[in-house]
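In: the following block contains a protein sequence and its predicted model.
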Amino acid sequence: MIAAGAIDCEGAPRDLGFDQGRACRAAIRADARALGFGPGLRARAASLLAGGRGRRAALRRDLERHFPHLAERTAGIASGAGLPLEALVALLARELLDPERAAVEAAAFAASAPSALELRLRSPDRLVRRSVAPDGGYANLTIARPGLGAALAGVNERGLAAAALPLGAPRTGERCQAPAVLLAEDCLERLDAVEKALEWCERRPGGGRARLLFADATGACGALEIDGEKRCRLGLGELGRARPEAAFDARVDPTARSLSIERAGEPPERFVLASRS
């Protein structure tokens, strides 16, 4: 399990990734070893994972084509962890293309505050990441996995909050083999309001099935259901609210630019992102 506290990353996308890879080196290497990757293990990994090589190649191609900042960040994580890039692409594929392994198990708007997002997290090995000075983008505070460049959920300095729930991998033959859940990271990096985030995700490529939730500091909220190239906005009535008695492991508050994490048997940890505006 990643230690309590947040890691700080800054600079260009590759530098952001390098900071994460270096800080989470042991956890990323352990995950990579579970897939057959590691120092001196490339040949073994290639033989063990040959069946998924085509899918990973398509994922890497579309990651570089449609999500260039994330592609650079992923390369930086690989460098910081001292692993080949294909190991990080394999980890990304495992985390985002297999809903059974998805770290985010459920997401909803908080019943007590419609602009807040609440998440149930399956994996205890999660990371709180503070991108304090990203080149060309907004500072943001996110929940991720040690070897994952994309945010699972988070909030940026302008008060836009997002959460990504993967529901299914891109199908064979889909135009984009990079999963649509990656769009949440795009929005946190670039945008400042729910309507802009919804419009961005409606127009940008992203494959598979996913649900994206957005809230902002004005109190606005919205959700988008994605199925391949289909995009459908969801109303609060369709999505439902989190029941007050439901136990959620994380809460993202766009007004306070904060997120809190609960671990069993421990008091909640709260992290705050100071605005630069």
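Out: Okay, I see it.

In: Arg61: neighbour count?
Out: Arg61 has 14 neighbouring residues, counting by other C-beta atoms under 10 Å. All C-beta atoms are positioned from the backbone trio N, CA, C, and that covers glycine.

In: does it count as helix, strand or coil?
Out: helix (DSSP: H, G, I helix; E, B strand; the rest coil).

In: contacts only, for it.
Out: Contacts of Arg61 were listed using C-beta atoms under 8 Å, 6 or more residues apart in numbering, and they are Gln177.

In: how about Gly159?
Out: Contact partners of Gly159, counting by C-beta under 8 Å, 6+ apart, are 192, 216-218, 254-255, 257, 275.

In: can you pick out the most distant pair from those residues?
Out: Spatially, the most separated pair among the contacts of Gly159 is Thr218 and Ser275, at 14.5 Å (C-beta to C-beta).

In: so who does the nearest residue in space to Gly222 that is not next to it in sequence touch?
Out: For Gly222, the nearest residue in space outside its immediate sequence neighbours is Val194; the separation is 4.8 Å by C-beta to C-beta, 6 or more residues apart in numbering. Contacts were defined as C-beta under 8 Å, 6+ apart; by that measure Val194 touches 160, 214-216, 220-222.

In: now Cys187
Out: Residues 160, 162, 196-197, 200-201, 214 are the ones in contact with Cys187 under the rule C-beta under 8 Å, 6+ apart.

In: need the buried ones from these selected in PyMOL.
Out: Taking 16 or more other C-beta atoms under 10 Å as the burial criterion, the selection of buried members of the contacts of Cys187 in PyMOL is written as:
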select buried, resi 160+162+197+200+201+214
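
In: would you list the contacts of Cys187 in JSON lines and tack on distance to Leu152?
Out: Below are the contacts of Cys187 laid out as JSON lines (distance: C-beta to C-beta, whole Å):
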{"residue": "Leu160", "distance to Leu152": "15"}
{"residue": "Ala162", "distance to Leu152": "9"}
{"residue": "Lys196", "distance to Leu152": "21"}
{"residue": "Ala197", "distance to Leu152": "16"}
{"residue": "Trp200", "distance to Leu152": "18"}
{"residue": "Cys201", "distance to Leu152": "16"}
{"residue": "Phe214", "distance to Leu152": "14"}
